[in-house]
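Q: Output the structure for:
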Amino acid sequence: IRDPGSLSFLMHSGKVINDLGNYKECAKNSYSRYLLLTVRGLPVRINLGLCAPFECEETDFNSYSPQIAKFLNETLQSIIPKDSTIKVNIRKEDVLFADVNREHSAESKIGVGNVLTFLFFSFFVIFSVAAAVYLSQGRKEEDKKGERPDIGTRILSCFNIIGNFNSFIGEDETHDKNLKVFDGIRVLMISWIVYGHTFTMAMNTPISNPSYLGEFMTEFSKAHVYNAPYSVDVFFFLTAFFMTYIVLQQYRRNNKFGWQIFLHRLIRLYPCIIVTLLAFIYLLPLIGTGTLYTPIYIQANDHCKSIWHYIFLFIYHFKPDGTNCIGWVWYLENDFQFFLITPFILWIIHKLPKAGISLVFLLIAGSFGYQFYLAYHYDISVDYLKTNKYFNDKYYVIPWARCPTYLLGVIFGYIYLMYKDPKTNPKVFALAEKIKNSTAVRIILYIVGGAGMFMNVHAQYWVHKNTKTMPKLLDAFYLVFGRSTYILFLVVFLIPVFSGRGAWVRKILANKAMCLLSKLTYGQYMLHLVIITYYTYATFRSLYFEYEYFLFLFWMFWITGYICSFLSLLFVEMPIFNLEKEFLRPKRNPQAIKQAPKLDNPPTAGEEATPLTQKNNVQLNTFI
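A: Sure, this is the predicted structure:
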């Protein structure tokens, strides 16, 4: 009491769970040190701010981590009902004290990496603008001469910000208008991902009303929030669908596969990965401050800088700590690994269709069996309130547990190709024509597909509501088949559109706005979590979680993510794509293209030649 700092130690420390205290007031005193206690091993993270005498260092407090972990386990186990699904298993390494002020002072200094990052972004911005200015001055003279531009002008054209912007807003050359609906699906799914990650942010930041999360997750109307990971499986499906549709056409046309598709894929992925890594490692530590920002410094400097090559090799998710540095790249790594083996599977389908499709079904069955094994052996559940470290390391990010939805994309891509080429399988074409000409069947498909997707997502409400009495087999069944059945219902819903009908669906999913936003979904996926990470940890107080504020955060992250994605695409990604197209991609042989066999494409909605008297009926029929 006689010590003038004794009272301030108490005043500036946290008093209850997730009370961060007063960091600024504690840190500015020469006789006090601000320490942040972090406790993991629970469904939600627990933090507590501690203002301690300056003589006490974080190592002194961390030496008591085993005793604190034991105390918390005993205390929480006595409070939590015995029949609760929440399992308390706090280890000594889950209890950590960190000197926030020391970490911030050490890591917020500008170094060589920060300077190089600034120069990297400055180069692309300045060069893109300079190229636009230069080309706007000399374009008319070159057009008059009619000569092929020299190599310097061609390089400048790749960086031309005006040309890239016009290319961005221009229409894509898509011969199959039915597939344009996937533009809108990509936009909806990436929005769902941002929506879900906004909720994940609340789970990983200290909130002053943690008990509300339990109520939130047992509300029927909120099931779509924590089931947002289903959207990732839709992207797996889309990648496989388009790759199957394109590569099988190449096999039929040339009887060989072009290896350039792998190079093109890498060039498509790497630029945004580089932008994300540089922003995470070298920009966030400089622009952020707050009591929770220490984990960012540790991840960026003690981890990311030592493992970045694993990310570029697409194997980072196999490391035990493979989620500590932009862990969301696990999706890209799974997707690229699937991408590597798909051409070989498609070659078998091309040569031996029945054997190839049987192999795909066999791989799906093997994955289902592996997931059942995980559910029982590691006690993995779909109930997010059940804390289980194996859910992420053994199931969620592992390719052989996530491949079924990708393989379904292979199957349906092959079926759609058969429909577009009736000579391959007339039965598929005949069935599609029956659906196309039956309004009642199409309405039933819309209802079954839409209701199936809705119920598949919201079925987890009953899992959380009845988790105490939920049979293990039913829990495992939902874990294993939930994602694949969602994809199946999505396909059922889209069958009328694939057959050439469903104009109302195309109006919603294939309009100009969806087309533009779909070009930014990759950048949105990579960059929105950098923004969320910054906002999550750049705070001096805990968050009071409520759904209205949650929605506000979602729209803020969604809009900011698209802005950053647009800037990344315009200044960094598109110039690199253009360089690859100009100098690395082989030029097409017009004669070969002319002689290439064409698919017998059926007419799309509204293209049928009909008598004038049937005009109104056709419009109604094609709309549905």
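
Q: Low-confidence regions, this protein specifically.
A: By pLDDT under 70, the low-scoring segments of the chain are 1-5, 80-86, 102-108, 138-148, 173-175, 294-302, 320-324, 384-389, 463-470, 586-624.

Q: ok, longest helix in it?
A: Taking DSSP state H as the criterion, the chain has its longest helix at helix 112-145.

Q: And that one, what's buried?
A: Buried positions in helix 112-145, judged by neighbour count with 16 or more other CB atoms under 10 Å: 114, 117, 121, 124, 127, 128, 131, 132, 135. The way it works is simple: take the backbone N, C-alpha and C, and place the C-beta from them, glycine included.

Q: what sits against the third one?
A: Under the criterion of CB atoms under 8 Å, 6 or more residues apart in numbering, the neighbours of residue 121 are 278, 571, 572.

Q: Nearest spatial neighbour of the spatially most central residue of the chain, chain-adjacent residues omitted?
A: Nearest to the mean C-alpha position of the chain, by CA atoms, centre = their mean, lies residue 525 at 4.7 Å. Leaving aside its sequence neighbours, residue 525 sits nearest to residue 190 (CB to CB, 6 or more residues apart in numbering; 5.9 Å).

Q: Next SSE downstream of the helix or strand containing the one you found?
A: Secondary structure from DSSP states H and E places residue 190 in helix 181-203. Proceeding N to C from helix 181-203, the next assigned helix or strand is helix 211-216, under DSSP H and E.

Q: can you pull the buried residues of that next one?
A: For helix 211-216, using 16+ other CB under 10 Å, the buried residues are 213, 216.

Q: what does stretch 265-280 give?
A: 265, 267, 269, 271-280.

Q: still on that earlier bit, how about the buried residues of helix 112-145 in CSV, adding distance to residue 519?
A: Formatted as CSV, those follow (distance: CB to CB, whole Å):
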residue, distance to residue 519
114, 30
117, 25
121, 21
124, 18
127, 22
128, 17
131, 21
132, 20
135, 23
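
Q: Residue 497 against residue 507, yeah?
A: No - using CB atoms under 8 Å, residue 497 makes no contact with residue 507, being 11.1 Å away.

Q: More neighbours: which of the two?
A: residue 497 (26 against 12; other CB atoms under 10 Å).

Q: Spell out, range by range, the helices that occur in the stretch 501-624 of the chain.
A: In the stretch 501-624 of the chain, helices defined by DSSP state H, counting those that start in this stretch lie at 503-509, 512-518, 521-537, 547-568, 574-579, 590-595, 615-623, listed in chain order.

Q: Which among those helices is found nearest to residue 376?
A: Distance to residue 376, taken as CB to CB, is lowest for helix 521-537 among those, at 32.1 Å.

Q: Report the angle between that closest one and helix 547-568.
A: Angle of helix 521-537 versus helix 547-568, following axes from the mean of the first three to the mean of the last three CA atoms, to 10 degrees, is 130 degrees.

Q: Show me what helix 521-537 packs onto, helices and strands only.
A: helix 181-203, helix 260-278, helix 284-287, helix 294-297, helix 547-568 (3 or more CB pairs under 8 Å, 6 or more residues apart in numbering; DSSP states H and E).

Q: want to throw the ones you listed into TSV with distance to residue 248?
A: TSV is the format used below for those (distance: least, CB to CB, whole Å):
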stretch	distance to residue 248
helix 181-203	18
helix 260-278	13
helix 284-287	43
helix 294-297	45
helix 547-568	31
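
Q: Which of the ones you listed sits closest to residue 418?
A: The closest of the helices and strands packed on helix 521-537 to residue 418 is helix 181-203. By CB to CB, the value is 18.7 Å.

Q: Show the subsequent helix or strand relative to the helix or strand hosting residue 370.
A: According to DSSP H and E, residue 370 maps onto helix 353-377. Using DSSP H and E, the next helix or strand after helix 353-377 towards the C-terminus is helix 390.

Q: List the neighbours of that next one that are in contact with it.
A: 374, 378, 379, 380.

Q: Need phi/psi at the third one.
A: For residue 379, the backbone dihedrals are phi 60, psi 50 (criterion: degrees, to the nearest 10).

Q: Could you do residue 403 as well?
A: Taking degrees, to the nearest 10 as the convention, residue 403 sits at phi -80, psi -20.

Q: OK, contacts around it?
A: 236, 334, 338, 363, 364, 367.

Q: close enough to count as contact, the fifth one and residue 404?
A: Right, the one you point to is residue 364. Yes - the pair residue 364 and residue 404 qualifies as a contact (CB under 8 Å) at a distance of 4.8 Å.

Q: Send me stretch 43-61 as PDB with only the CA atoms.
A: The C-alpha coordinates for stretch 43-61 follow below in PDB (Å, rounded to 0.1, in the frame of the first residue of the first chain):
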ATOM      1  CA  PRO A  43     -13.800 -23.500 -27.200                       C
ATOM      2  CA  VAL A  44     -13.100 -19.800 -26.800                       C
ATOM      3  CA  ARG A  45      -9.800 -18.100 -26.000                       C
ATOM      4  CA  ILE A  46      -9.400 -16.600 -22.500                       C
ATOM      5  CA  ASN A  47      -7.200 -13.500 -22.000                       C
ATOM      6  CA  LEU A  48      -6.500 -11.400 -18.900                       C
ATOM      7  CA  GLY A  49      -4.400  -8.200 -18.700                       C
ATOM      8  CA  LEU A  50      -2.000  -8.000 -15.800                       C
ATOM      9  CA  CYS A  51      -0.200  -4.800 -14.700                       C
ATOM     10  CA  ALA A  52       2.800  -6.000 -12.700                       C
ATOM     11  CA  PRO A  53       6.000  -4.500 -11.200                       C
ATOM     12  CA  PHE A  54       8.600  -3.800 -13.700                       C
ATOM     13  CA  GLU A  55      11.000  -6.100 -11.900                       C
ATOM     14  CA  CYS A  56       8.800  -9.100 -12.700                       C
ATOM     15  CA  GLU A  57       9.400 -10.500 -16.200                       C
ATOM     16  CA  GLU A  58       7.300 -12.800 -18.300                       C
ATOM     17  CA  THR A  59       9.600 -15.700 -17.600                       C
ATOM     18  CA  ASP A  60       8.800 -15.400 -13.900                       C
ATOM     19  CA  PHE A  61       5.100 -15.700 -14.600                       C
END
